[in-house]
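Novice: Coordinates for the following, if possible.
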Amino acid sequence: MTSEVHHHAEELCEPGLRLYARALRDSRVTRSEAEETPCLLDGGLLRPDTDDPALLEPVPPVVALHRRLRSFGDRVAEERRYTARLVETFEPLLRIPHARAAEPESPAIRVLSGPAPINDAITSAMAEARHEMLCIQPHTAHTNRPPTVHHLPMERDQAFLDRGGRIRTLYQHTLRHAPTVTARYEQIRGDVEARTLDEVTERLILLDRTVAFVPANKDRTLALEVRHPALTRYFATTFDRLWHLATPMHPEAVRPPTLNGVTPRQRAIATLLVEGYTDAVVADRLGMNIRTARVHIAKLAATLGSESRAQLGYLIARSGILEQEQERDPT
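Specialist: Residues are numbered from 1 along each chain as shown. Okay, the predicted model is just below:
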């Protein structure tokens, strides 16, 4: 009896990678050779040969990588929009006095109201955790201030590390050189890593992949303590995928390369500009104030020789800087 191997279009198996590499070298493979590796066709790495239907030709790796990263980015953006709509829908319901009266003793989702109860719940969950804490810390752009280093969380994190736990944190690129963030990593000892992305999701704390804390309203005075296995698995998967795309910051920082005089931050801005976003939206999504965003836009325009906003979008598309960014290995 043979066991059927299930492939996911986003995850290439070893036989699939070997066959794709051979297709690149030989310019084509037979359709029968690809029957055992459907991830290549489903993932858009092979396509039918126009001259011979029995043959498949490889899609160039640069094109395939760009499509995959763009598709993932679209899904992350859609998940962010869905999360925002969900929170907006439930926020007024959560404020109804009797809405939480019939909560079970150990609910899968518990509403926490106020900074003190939220902090107490996190402290209690961390005292029980033993293995791993995954965090996402977006920059609060409207205040233009990075997260503050508080003594209680520092002590709490250090106690967790002393028990043999490990901490992984995702920040936005705007916080790579923030003094308070740097001070945090100078003061704690243990298995700690941090990486950064241009954009991250909302704030998240995930402990041992079994309990998560997420904001429940815009000013973060409400939070959800989530212990539902399906949701915590979803949070863990999202974190792992973002972590894979992120740039190392601590303990060994990796500086994203400048391409053709355009900095990584300017490339992130360029990506949003060609999608038609305003300066204010660009600044909010990248965790910077609007004045800083406009300074970077002006420098980008000067680098590309643009004399107007309309021309800037055209020059960004023609320059190839976004395609070059897709080619760069995110790790």
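Novice: Which of the helices or strands spans the spatially most central residue of the chain?
Specialist: Residue closest to the average C-alpha location in the chain (Cα atoms, centre = their mean): Leu242, at 3.3 Å. Using DSSP states H and E, Leu242 maps to helix 229-245.
Novice: Check which helices and strands the following helix or strand past that helix is in contact with.
Specialist: Per DSSP H and E, the first helix or strand lying C-terminal to helix 229-245 is strand 247-250. Counting contacts by 3 or more Cβ pairs under 8 Å, 6 or more residues apart in numbering; DSSP states H and E, strand 247-250 packs against strand 191-197. (C-beta placed from N, C-alpha, C; glycine too.)
Novice: what are the pairing partners of the strand it packs on, and which direction each?
Specialist: As defined by DSSP bridges, the strand partners of strand 191-197 come to strand 166-172 (parallel), strand 247-250 (antiparallel).
Novice: what about Thr50, neighbour count?
Specialist: For Thr50, the neighbour count with other Cβ atoms under 10 Å is 8.
Novice: So it versus Leu56, what's the distance?
Specialist: Distance, Thr50 to Leu56, by Cβ to Cβ, to the nearest Å: 11 Å.
Novice: Ok, Ile316 next?
Specialist: For Ile316, the distance to Leu56 (Cβ to Cβ) stands at 34 Å.
Novice: gap between Tyr314 and Ala270?
Specialist: 12 Å.
Novice: neighbour count winner among these two?
Specialist: Remark: of Tyr314 and Ala270, Ala270 carries more neighbours, 25 against 13, as counted by other Cβ under 10 Å.
Novice: what residues go with each domain of this structure?
Specialist: 14-59, 106-250, 264-327 (automatic domain parsing).
Novice: May I see those organised as JSON lines, with mean pLDDT added?
Specialist: Formatted as JSON lines, the domains of the chain follow (pLDDT from 0 to 100):
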{"stretch": "domain 14-59", "mean pLDDT": "86"}
{"stretch": "domain 106-250", "mean pLDDT": "84"}
{"stretch": "domain 264-327", "mean pLDDT": "76"}
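Novice: of all the ones you listed, which lies closest to Asp74?
Specialist: For those, the distance to Asp74 is smallest for domain 264-327, at 10.7 Å, taking Cβ to Cβ.
Novice: quick revisit: and among the strands paired with strand 191-197, the most buried is which?
Specialist: strand 166-172 (a mean of 21; mean count of other Cβ atoms under 10 Å).
Novice: Just the angle for that strand relative to helix 229-245, thanks.
Specialist: When axes from the mean of the first three to the mean of the last three Cα atoms, to 10 degrees is applied, the directions of strand 166-172 and helix 229-245 differ by 70 degrees.
Novice: For Ala223, see how far away Ala212 is.
Specialist: Separation of Ala212 from Ala223 (Cβ to Cβ): 10 Å.
Novice: go on, Thr83?
Specialist: Relative to Ala223, Thr83 is positioned 14 Å away (Cβ to Cβ).
Novice: Between these two, which has more neighbouring residues?
Specialist: For Thr83 versus Ala223, neighbours defined as other Cβ under 10 Å are more numerous around Ala223 (24 against 14).
Novice: residues in contact with the nearest residue to Gly164 once chain neighbours are set aside?
Specialist: Nearest residue to Gly164, sequence neighbours excluded (Cβ to Cβ, 6 or more residues apart in numbering): Arg130, at 7.2 Å. Residues in contact with Arg130, defined by Cβ atoms under 8 Å, 6 or more residues apart in numbering, are Arg163, Gly164, Gly165, Asp208.
Novice: With that, I have no additional questions.
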